[in-house]
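Visitor: here is a sequence together with a model predicted from it:
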Amino acid sequence: MSVPEYRVMVLCCPGLTASGREAARLFEQVLTAVTAFCPRVEAVEPGVCAFGARGPARYFGGEAELAGRIIAAVAELGVPARAGAGVGVADGLFAAHLAAPASAAPASAAPAAPAAPAAPGAASAAPAARPVLVVPPGRTAEFLARQPVSVLADQDPAGQDLAGLLSRLGLRTLGDLAALSAGDVASRFGAAGETAHRLASGLGSRPLAVRPPAEDLSVTQEFDPPEPLAEPVVFAAKALAERMHEGLAARGLTCVRVQVRAISADGRESRRLWRHDGLLTAAALADRVRWQLDGWRVPASAAEAGPPEAGPPEASAAQAGPAEAGAGDDPDGGIAVLRLVPDQVVRATGHQLALWGETVVSDRVARAAMRVQAMLGHEAVLRPVLGGGRDVSERVNHVPFGEKREPRLPASPPWPGRIMGAAPGVVYPFAREADVTDEAGAAVTVSGRCVVSAAPAWLAADGEPPLRITAWAGPWPLSERWWDPAAARRRARFQLLTGDGRAWLAAVQDGRWLIEAGYLLWAGTTRRFPGASCGGGWPGAPGAKRPRRSPPRRPPRSPPRTLRAGRRRHRGGQRRHRGCRSSRGPSCTATPRSASSTGRPRPASSLPRPPGSAWRPSRSPTTTGCTGFRSSRRPRPGCATKGPACAPCSAPS
Amino acid sequence: MAARSAGRGWRPQVSEAPGPTSAGTLPVLPTLPVLPTLPVLPTLPVLPTLPTQPVLPVLPALRELLPGGGLARGAVVTVAEFGLLALALAAGASADGAWCGIAGVPEAGVLAAVGLGLDVERTLLVPDPGPAWAQVAASLLDGCELVLLRPPARAPAQVRQRLEATLRRGRGVLLVVGDWPGAQVRLRVLTRGWTGLGDGHGRLRACCAQVMADGRGEAAVPRTRWLWLPAEDGRVTAAEPADVPVPDPGFARHLQVVSG
């Protein structure tokens, strides 16, 4: 009747029994650590794993020694102290599981602690710091006999009822239950009782359902002596890739990405993930190896930056920055080891292109783009995607080559408030700071009512001599996402034409002038981008050498909201206009809308009316609410979207 | 045992034996009619695939500026300063199906280029090629027919020659922003005038620009054209010198302060 029992070691981490991603992630690490001692491990339940102890114990010199090593390994993972692991060893899973928590928390498990002396020789052989309980072979029944019947309740729902019934019948311990005859128990309590009796006797634990260790599908080639030239390595990479593909294909698998690791003779390593999707041939993979090695050999200054880790798993292609090895210069002494590791192994289901609507990136182009990515990093090669938004820079999103092309903002809503007309040919990734002054030399400000303090006369972009403004138009206000304090912004935009023939798109935000874009530039300008790098090279730019996907165009909001919205009060009554002032300009007085639209005295040089129909607060949810004005009920007479003096905004009227 | 195995081994020979003998009894098949030799096809007309065209097409308004009516493959074309002219040259080729790489120009106005015909699906941007810009340009030229490049520094002669060799091999066009000694065509904007913007009113509508092209060989004779760059609809069209806007101070005069 009895299956020969075998030694089982149970590792129990009480802190990881809770469900949750963090606990699951930690427990997965624990499992991996245990796999280093014994490859076939069963995860019994969250926080508890079991494995056969006989072989590993013999190898590591005893069960107590093995348990101590495992606990030390788990402690190194940073499992919280309260989750400190306990190990129990016994004949059979049931007894070992009982032994483990008893040893894990000796202070709290006072009733169970006497089990050790009660089972004579059941040596808790480990030092006190190591919560290990080893039940010697053959004495499991003795150990179990001391346990209360309530432990059966953890086994299954039927066991819960049974445990209550047994204790009411006066059978307090498993020993009491085991003392009864199996036939009597079976006839009284049925199948559940029979199972409980067998467990209490130290028999009949189910065998472990261990998971097989994950197969290692990676392939490795060692070069001895190390290979100083790239070509032989690439040649070997082709054969390696074929081996890897054969191994994957034999199992009906393919990999989403493949990690290429090259280790130089002096121990430095270049790791990079390449997109695979089951589409790369061996020759194509060898090309990737070649590019990666080439990238490793480009000058150190070109291969700067990039964290050495392999990047987050959701990223898709070459993640690790270029050549993660020390200074990034030549791998001294050549390549010693080349290793291809399939990443994200999935079932091979083939690949089908869409019939229409998919621009096929030809191999030629993909090779060129990936080659540049190998040199400069994954985010150095971008593909533009047109999306929605009100600013010219917002409407073009840049997506690294090889990633899914999706705009950040959908293009479908109408996006009222855009600047109409031809788009500027020069759009700065980071808006340039500028000073705009009037004839008297005072800074031009825009009040909360969108009144310009004076006609702008001089434009001094950062680092350039002031330019005479010959024509200008604006301000065209824009107030976006007021419901989201982090993304909210309020700005007034201008078009400026300077004496050298250049035209600019500028904006006032937070009391500062920013140049967002330029129209066709003057041929004779001597503007030079200093420095070897031309990206972000204008003076005062945030100095990001590497391209960013979404450059933080908005400058830090030093005064929280200077060009601030007033608060709209009742729709019918007179409006109070509060907190509406520019940081430089005079504070805006609270005047009703009617006063401001009747041509009341303005600064002499400004037009009677800010020619922006968009200044009327729109009712649409995307632009409402932040102007402090009441919407005019009828379109203002001079502000149709026709005629030379009209505002080039498409705000609904 | 041996006999049986021999018999077994022999039997197939018996069964096969009728094969060759019965072949003689079969009616002799008439000799197959010898197919007439296939007429030698005349040389197939060479399909007008992209690489065989000597030039990359450009927008119609720019054709007159360029020798051959387009960007000659394998040539270097320079534009003095980055702006809409450079984007217009790239957009024409892209609209015709060419892949276009833009390197070293992080401020390229993609939106304006799209208005001119650039296909974003076939555009690669390398905003910051860094010190290895020549290598990046060569790699891009392997995949793209047109590469718009602004070198971050003046290119040494050796680097230029190597890039030009890559260019001739790949039959692409290198459009350089800035100076490039030995460029086949050099384009410059001489003058320009914007229309539509007044003193506190209006908006930028169009720009009339005088563009001059010179260079070597066919392009040695300077050509000058007036272009709307851009026109009111955002495209590039030919303009008349008479259209060149003069600063119009009378614009604002038509407006009066009204009450109401």
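Guide: Perfect, thanks for sending it. Residues are numbered from 1 along each chain as shown, chains lettered A, B, ... in the order given.
Visitor: next, count neighbours for residue 188.
Guide: No chain was given, so I picked chain A. Residue A:188 has 12 neighbours, counted by other Cβ atoms under 10 Å in any protein chain shown. To be clear about C-beta, it is placed using only N, CA and C from the backbone, and glycine gets the same treatment.
Visitor: hm, I was asking about chain B
Guide: The tally of other residues near residue B:188 (other Cβ under 10 Å) stands at 18.
Visitor: tell me the SS of it?
Guide: Assigned with DSSP: H, G, I helix; E, B strand; the rest coil, residue B:188 falls in the strand class.
Visitor: what helix or strand is residue A:67 located in?
Guide: Counting by DSSP states H and E, the element that carries residue A:67 is helix A:63-76.
Visitor: quick one: the helix or strand following that helix to helix A:63-76, angle?
Guide: Downstream of helix A:63-76, the next assigned helix or strand under DSSP H and E is strand A:86-91. With axes from the mean of the first three to the mean of the last three Cα atoms, to 10 degrees defining the directions, strand A:86-91 sits at 150 degrees from helix A:63-76.
Visitor: in its sheet, what does strand A:86-91 sit against?
Guide: Note on strand A:86-91: by DSSP bridges, its sheet partners are strand A:7-12 (antiparallel), strand A:132-134 (parallel).
Visitor: ranking those strands by burial, who's on top?
Guide: Stretch with highest mean neighbour count among those: strand A:132-134 (a mean of 29; mean count of other Cβ atoms under 10 Å in any protein chain shown).
Visitor: avg pLDDT for it?
Guide: Averaged over strand A:132-134, pLDDT sits at 86.
Visitor: any idea of the mean pLDDT in the following helix or strand past it?
Guide: Sequence order places helix A:140-145 as the next helix or strand after strand A:132-134, per DSSP H and E. The pLDDT scores in helix A:140-145 average 87.
Visitor: what's helix A:140-145 packed up against?
Guide: Identification of packing neighbours for helix A:140-145 by 3 or more Cβ pairs under 8 Å, 6 or more residues apart in numbering or on different chains; DSSP states H and E yields strand A:86-91, helix A:93-104, helix A:174-179, helix A:182-200.
Visitor: rebuild those as TSV, extending it with mean pLDDT.
Guide: As requested, these are exported to TSV (pLDDT from 0 to 100):
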stretch	mean pLDDT
strand A:86-91	88
helix A:93-104	76
helix A:174-179	89
helix A:182-200	87
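Visitor: now those in JSON lines, with distance to residue B:200?
Guide: Output for these, formatted as JSON lines (distance: least, Cβ to Cβ, whole Å):
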{"stretch": "strand A:86-91", "distance to residue B:200": "80"}
{"stretch": "helix A:93-104", "distance to residue B:200": "79"}
{"stretch": "helix A:174-179", "distance to residue B:200": "94"}
{"stretch": "helix A:182-200", "distance to residue B:200": "91"}
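Visitor: before we move on, the earlier item: in the helix holding residue A:67, what's buried?
Guide: Neighbour-count burial for helix A:63-76, counted by 16 or more other Cβ atoms under 10 Å in any protein chain shown, picks out A:63-71, A:73-74.
Visitor: residue contacts, residue A:461?
Guide: A:432-434, A:467, A:515 (Cβ atoms under 8 Å, 6 or more residues apart in numbering or on different chains).
Visitor: that one pairs with what?
Guide: Per DSSP bridges, the residues bridged to residue A:461 are residue A:434.
Visitor: ok, it to chain B distance?
Guide: 13 Å (Cβ to the nearest Cβ, to the nearest Å).
Visitor: quick check, pLDDT for that residue.
Guide: 85.
Visitor: that older thread, tell me which of the helices and strands packed on helix A:140-145 sits nearest to residue B:182.
Guide: strand A:86-91 (77.0 Å; Cβ to Cβ).
Visitor: what does the closest one contact?
Guide: A:5-14, A:53, A:57, A:63, A:67, A:70-71, A:95-105, A:131-135, A:137-138, A:140, A:143, A:202.
Visitor: please repeat the previous calculation with a cut-off of 6 Å.
Guide: A:5, A:9-12, A:53, A:63, A:67, A:96, A:99-100, A:103-104, A:131-135, A:140 (Cβ atoms under 6 Å, 6 or more residues apart in numbering or on different chains).
Visitor: can you show me the helices along the stretch 1-150 of chain B?
Guide: For the stretch 1-150 of chain B, the helices defined by DSSP state H, counting those that start in this stretch cover B:2-16, B:18-25, B:60-63, B:84-95, B:110-116, B:133-143.
Visitor: quick one: list the elements packing against the fourth one.
Guide: I take that to be helix B:84-95. Helices and strands touching helix B:84-95, by 3 or more Cβ pairs under 6 Å, 6 or more residues apart in numbering or on different chains; DSSP states H and E, are helix B:110-116, strand B:146-149.
Visitor: list the contacts of that helix.
Guide: Applying Cβ under 6 Å, 6+ apart, the contact partners of helix B:84-95 are A:425, A:520, B:56-59, B:79, B:100, B:113, B:116-119, B:122, B:146, B:148, B:175, B:177, B:229, B:236.
Visitor: residue A:168: neighbour count?
Guide: Residues within reach of residue A:168, counting by other Cβ under 10 Å, total 8.
Visitor: other SSEs contacting the host helix or strand of residue A:274?
Guide: When elements are assigned from DSSP H and E, residue A:274 belongs to strand A:269-275. If you count contacts as 3+ Cβ pairs under 6 Å, 6+ apart, strand A:269-275 packs onto strand A:253-264, helix A:282-297.
Visitor: quickly run through the sheet partners of the shortest one, with directions.
Guide: Right, strand A:253-264. Using DSSP bridges, the strands paired with strand A:253-264 are strand A:269-275 (antiparallel), strand A:335-347 (antiparallel).
Visitor: any idea which of these gets closest to residue A:396?
Guide: Closest to residue A:396 of the strands paired with strand A:253-264 is strand A:269-275 (Cβ to Cβ; 23.8 Å).
Visitor: quick one: mean pLDDT over that closest one.
Guide: The average pLDDT within strand A:269-275 is 82.
Visitor: do the same with stretch A:423-430
Guide: Rounded mean pLDDT across stretch A:423-430 is 88.
Visitor: using PDB, write down the CA coordinates of it.
Guide: The C-alpha trace of stretch A:423-430 is given here as PDB (Å, rounded to 0.1, in the frame of the first residue of the first chain):
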ATOM      1  CA  ALA A 423       3.600  74.800 -41.700                       C
ATOM      2  CA  PRO A 424       7.100  76.100 -40.800                       C
ATOM      3  CA  GLY A 425      10.000  74.400 -42.400                       C
ATOM      4  CA  VAL A 426      12.100  74.600 -39.200                       C
ATOM      5  CA  VAL A 427      10.700  73.200 -36.000                       C
ATOM      6  CA  TYR A 428      13.000  73.300 -33.100                       C
ATOM      7  CA  PRO A 429      13.000  70.200 -31.000                       C
ATOM      8  CA  PHE A 430      13.500  72.400 -27.900                       C
END
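Visitor: that one and chain B in contact?
Guide: Yes: using Cβ under 6 Å from any Cβ of the partner chain, stretch A:423-430 reaches chain B at A:423-429.
Visitor: any quick PyMOL command for the buried ones out of the residues you listed?
Guide: Buried residues within these, by 16+ other Cβ under 10 Å, are selected in PyMOL with:
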select buried, chain A and resi 423+424+425+426+427+428+429
